[in-house]
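1. how does the following fold in three dimensions:
(chains A and B)
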2 protein chains.
Amino acid sequence: MKKLIIIPCLLVLLACCVHAGDPLPSWQDTAPRKAIIAFVEKVTKPGSTNFVPVEKRIATFDNDGTLWSEKPLPVQCYFISDRIKSLAPQHPEWTNQEPFVSVIRGDLTSAFSGGDKAILAMFIATQSGITTDEFEKLVTDWIATARHPQTKQLYTEMVYQPMIELLAYLRANGFKTYIVSGGSADFMRPWAETVYGVPPEQVIGSTLKTRFELRDGIPAIVGVPELDLMTAANGKPIGIQSHIGRRPIASFGNSDNDLPMMQWTAAGGGAHLCLYVHHTDAKREWAYDRKSGDPFDKGLDEALAKGWTVASMKDDWKVIYVGDKK
Amino acid sequence: MKKLIIIPCLLVLLACCVHAGDPLPSWQDTAPRKAIIAFVEKVTKPGSTNFVPVEKRIATFDNDGTLWSEKPLPVQCYFISDRIKSLAPQHPEWTNQEPFVSVIRGDLTSAFSGGDKAILAMFIATQSGITTDEFEKLVTDWIATARHPQTKQLYTEMVYQPMIELLAYLRANGFKTYIVSGGSADFMRPWAETVYGVPPEQVIGSTLKTRFELRDGIPAIVGVPELDLMTAANGKPIGIQSHIGRRPIASFGNSDNDLPMMQWTAAGGGAHLCLYVHHTDAKREWAYDRKSGDPFDKGLDEALAKGWTVASMKDDWKVIYVGDKK
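-> Presented below is the predicted three-dimensional model:
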């Protein structure tokens, strides 16, 4: 047993050393990169007044627009659309019922502009009545092949390379990295570990209620058509407290939906890093902020007022996507 | 930075080696100890058909009666009682209202025999209307000084030494150890890391809903008088799926309330360990099972039928409490 334990420890040691080069090669050497590194060095330096013990190094990341692209619509909308279309034959009533009729017609913009009620109806339609194991398989199969309507890339190729480096850099410095997204937890968990290095237990997202039952003696957890928690806006600190029970010291987002998470992080008293990704690159990605459907407006004001870090995709990132060549 | 990273890695390495002696010295060399060690060796042996990669080594532990004593009443009942008594002057209506009047009178057995409705009323009375930070402080102060009504020990001295060794043994072998208790998550989190080595984010328990608000510009998370999730019985696999999103491969409990968690664990398909702690030691602890208020009856039947491990406190544990001399 002794030998078996020593080997993984040595691998950890080796993995740590490998990171000793430039940890953020896709970041320009501008203010955001400097702020990230200064923060990490400060909180990891033993004896420093800003030192944070490893168990309290919690970092929380929004997903859509922070770790991968969310335009023209967040990725989960395309999954929901495909799932509703595949379920439509069993739901003749949907042909007269919004938002389903818009989805079936292929007009996702109308379907997803129906507000929380419409989104909840679609969330329930796609995730309730099936087991968590069945839903995991649906997502795993879909994400492996579905492609972005404009770029035709796999969605997992439209993940931001600088943020992947940031996640890895934080983890190499003892941080636990969490996703805290308004999207469905069960939609992110099947692939977040492979794509982001974030295990399922560190993915916090919106959930339906579930029930536990024995089906012919075999235990199953089944989605129930009722909202459990929506982890957008104020739901983010609520989800953080419920799942983590500790306040993050670093948070990353891109819209007003992330503002309560940033506020909760910033109010912790000690050293903290709040970083907003600003979508400023119409050429390599999309450019949007104050007037977007999911605006970055109050968040931008508060970031500027409080001196939080704002990373401009155009000016501060050498590379956008994991698939891009440098 | 290189140096700073290498030091904690070497400490991990050292910590691993220290465990290379007998990892379970307080367990008799009987069937339960042999079953635990055989299971751990099997799932950690690279190349074995039963090998489980480290990220899937999830172990879930009930708390009351599994990690510490729960007689004559679960520890949280005494906390609730003290809190209700301290709040009573602000609630004159409680003097005519069950279960509060029984608590104020000191008759906890009556108060807690009022079923789920009474327990929920007390849960709400103790945790709603205050912030999570305030509640954490209340619990931290209470657990540091409150003593068991019969033994007069601190409650944290009535933690089971063999289970502490088991938690550490599993962690030394790459397991993530979780608590999944019907008790309040916020009641366990302030001390679970010190006492059990289980960080707040690995404590799953019953919760009230909360709201996020700015109080004079300062963010706060406040308990709302409404149940969020009760993680007893069927609520245990539900809480596990919601928080972890992966099925445990090892589960530990002591009553029928843990049976759904055991069933969920056992149905995972691969190697698994389901272990029940059986309260058989009237002399050193308490002896109870099928006729207890929180019975170990159906769970005992199913454990025997399915060949799960049942550890008798009397026969299989050399020592009961962390404070006991060997």
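
2. skip the chain neighbours and tell me the closest residue to the residue in the stretch 201-326 of chain A positioned nearest to chain B.
-> Nearest residue of the stretch 201-326 of chain A to chain B: residue A:245, at 3.3 Å (C-beta to the nearest C-beta). Glycine gets a C-beta too; all of them are placed from N, C-alpha and C. Here the nearest residue to residue A:245 in space, its sequence neighbours aside, is residue B:200; by C-beta to C-beta, 6 or more residues apart in numbering or on different chains that works out to 3.3 Å.

3. residue A:205 too?
-> Distances taken as C-beta to C-beta, 6+ apart put residue A:185 closest to residue A:205, at 3.4 Å, once the chain neighbours are dropped.

4. ok, now which ones touch the residue found closest to residue A:267 once you drop the neighbours it is linked to in the chain?
-> Closest residue in space to residue A:267, ignoring its immediate chain neighbours: residue B:219 at 4.8 Å, by C-beta to C-beta, 6+ apart. Contacts of residue B:219 were listed using C-beta atoms under 8 Å, 6 or more residues apart in numbering or on different chains, and they are A:237, A:260, A:263-264, A:267, B:212-213.

5. helices of the stretch 151-300 of chain A, start to end?
-> All helices of the stretch 151-300 of chain A, identified by DSSP state H, counting those that start in this stretch, fall at A:161-172, A:185-196, A:235-243, A:259-266, A:298-306.

6. how close does the residue in the stretch 51-200 of chain A that chain B sits nearest to get to residue B:124?
-> At 3.3 Å from chain B, residue A:200 is the closest residue in the stretch 51-200 of chain A, using C-beta to the nearest C-beta. Residue A:200 is 31 Å from residue B:124, where distance means C-beta to C-beta, to the nearest Å.

7. for those two, indicate the residue with more neighbours.
-> Between residue A:200 and residue B:124, residue A:200 has the larger neighbour count (other C-beta atoms under 10 Å in any protein chain shown), namely 20 against 16.

8. contacts only, for the more buried one.
-> Neighbours of residue A:200 in contact, by C-beta under 8 Å, 6+ apart: A:189, A:192-193, B:244-246.

9. where does the stretch 201-326 of chain A dip in pLDDT?
-> The stretch 201-326 of chain A contains residues with pLDDT under 70 at A:325-326.

10. which bits of the stretch 51-200 of chain A sit near chain B?
-> Residues of the stretch 51-200 of chain A lying near chain B by C-beta under 8 Å from any C-beta of the partner chain: A:54-55, A:58, A:132, A:172-174, A:176, A:185-186, A:189, A:193, A:199-200.

11. now a PyMOL select for only the buried ones of these.
-> Entered in PyMOL, the line below selects the buried ones among those, by 16 or more other C-beta atoms under 10 Å in any protein chain shown:
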select buried, chain A and resi 58+132+172+173+174+176+185+186+189+193+199+200
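
12. among the residues of the stretch 51-200 of chain A next to chain B, which pair sits farthest apart?
-> With C-beta to C-beta as the measure, no two of those lie farther apart than A:132 and A:173, at 33.1 Å.

13. and the residues of the stretch 51-200 of chain A next to chain B as a markdown table, adding pLDDT and distance to residue B:206?
-> Converted to a markdown table, these look like this (pLDDT from 0 to 100; distance: C-beta to C-beta, whole Å):
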| residue | pLDDT | distance to residue B:206 |
| --- | --- | --- |
| A:54 | 98 | 29 |
| A:55 | 97 | 24 |
| A:58 | 98 | 23 |
| A:132 | 96 | 21 |
| A:172 | 98 | 36 |
| A:173 | 98 | 34 |
| A:174 | 98 | 31 |
| A:176 | 98 | 24 |
| A:185 | 98 | 20 |
| A:186 | 98 | 22 |
| A:189 | 98 | 23 |
| A:193 | 98 | 28 |
| A:199 | 98 | 24 |
| A:200 | 98 | 22 |
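
14. for the residues of the stretch 51-200 of chain A next to chain B, which one is nearest residue B:147?
-> For those, the closest approach to residue B:147 (C-beta to C-beta) belongs to residue A:55, at 28.3 Å.

15. for the closest one, what are its contacts?
-> Applying C-beta under 8 Å, 6+ apart to residue A:55 gives the contacts B:193, B:199.

16. roughly how far apart are it and residue B:200?
-> 9 Å.

17. the nearest residue to residue A:187 once chain neighbours are set aside: neighbour count?
-> Nearest residue to residue A:187, sequence neighbours excluded (C-beta to C-beta, 6+ apart): residue A:76, at 5.2 Å. Under the neighbour criterion other C-beta under 10 Å, residue A:76 is assigned a count of 26.

18. can you name the residues that contact residue A:76?
-> Per C-beta under 8 Å, 6+ apart, neighbours of residue A:76: A:64, A:183-184, A:187.

19. who wins on neighbours among the residues you listed?
-> Going by other C-beta under 10 Å, residue A:187 tops those with 27 neighbours.

20. pretty sure that one contacts residue A:138?
-> No: judged on C-beta atoms under 8 Å, residue A:187 makes no contact with residue A:138 at a distance of 9.5 Å.

21. pretty sure residue A:30 is in contact with residue A:313, am I right?
-> No: with contacts counted by C-beta under 8 Å, residue A:30 stays clear of residue A:313, the gap being 11.9 Å.

22. what helices or strands is the helix or strand containing residue A:34 leaning on?
-> Per DSSP states H and E, residue A:34 falls inside helix A:31-44. Where contact means 3 or more C-beta pairs under 8 Å, 6 or more residues apart in numbering or on different chains; DSSP states H and E, helix A:31-44 is packed against helix A:161-172, strand A:273-280, strand A:309-312, helix A:313-316.

23. and for residue A:209, the neighbour number?
-> Neighbours around residue A:209, by other C-beta under 10 Å: 16.

24. and it, how far from residue B:75?
-> Distance, residue A:209 to residue B:75, by C-beta to C-beta: 29 Å.

25. that older thread, among the helices and strands packed on helix A:31-44, which is the most enclosed?
-> Of the helices and strands packed on helix A:31-44, the one with the most neighbours on average (mean count of other C-beta atoms under 10 Å in any protein chain shown) is strand A:273-280, at a mean of 24.

26. what lines up beside that strand in the sheet?
-> Strands that pair with strand A:273-280, judged by DSSP bridges, come out as strand A:250-253 (parallel), strand A:287-288 (antiparallel), strand A:309-312 (parallel).

27. now tabulate those in CSV and tack on distance to residue A:95.
-> As requested, these are exported to CSV (distance: least, C-beta to C-beta, whole Å):
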stretch, distance to residue A:95
strand A:250-253, 38
strand A:287-288, 33
strand A:309-312, 45
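
28. do you know which of those strands lies nearest residue A:103?
-> Using C-beta to C-beta, the nearest of the strands paired with strand A:273-280 to residue A:103 is strand A:287-288, at 23.5 Å.

29. which residues does that closest one contact?
-> For strand A:287-288, contacts defined as C-beta under 8 Å, 6+ apart pick out A:71, A:279-281, A:296, A:314.

30. and that strand, how far out from the chain middle?
-> Distance of strand A:287-288 from the chain centroid (C-alpha atoms, centre = their mean, to the nearest Å) equals 19 Å.

31. now swap in stretch A:181-193 and tell me
-> From the chain centre to the centre of stretch A:181-193 is a distance of 7 Å (C-alpha atoms, centre = their mean).
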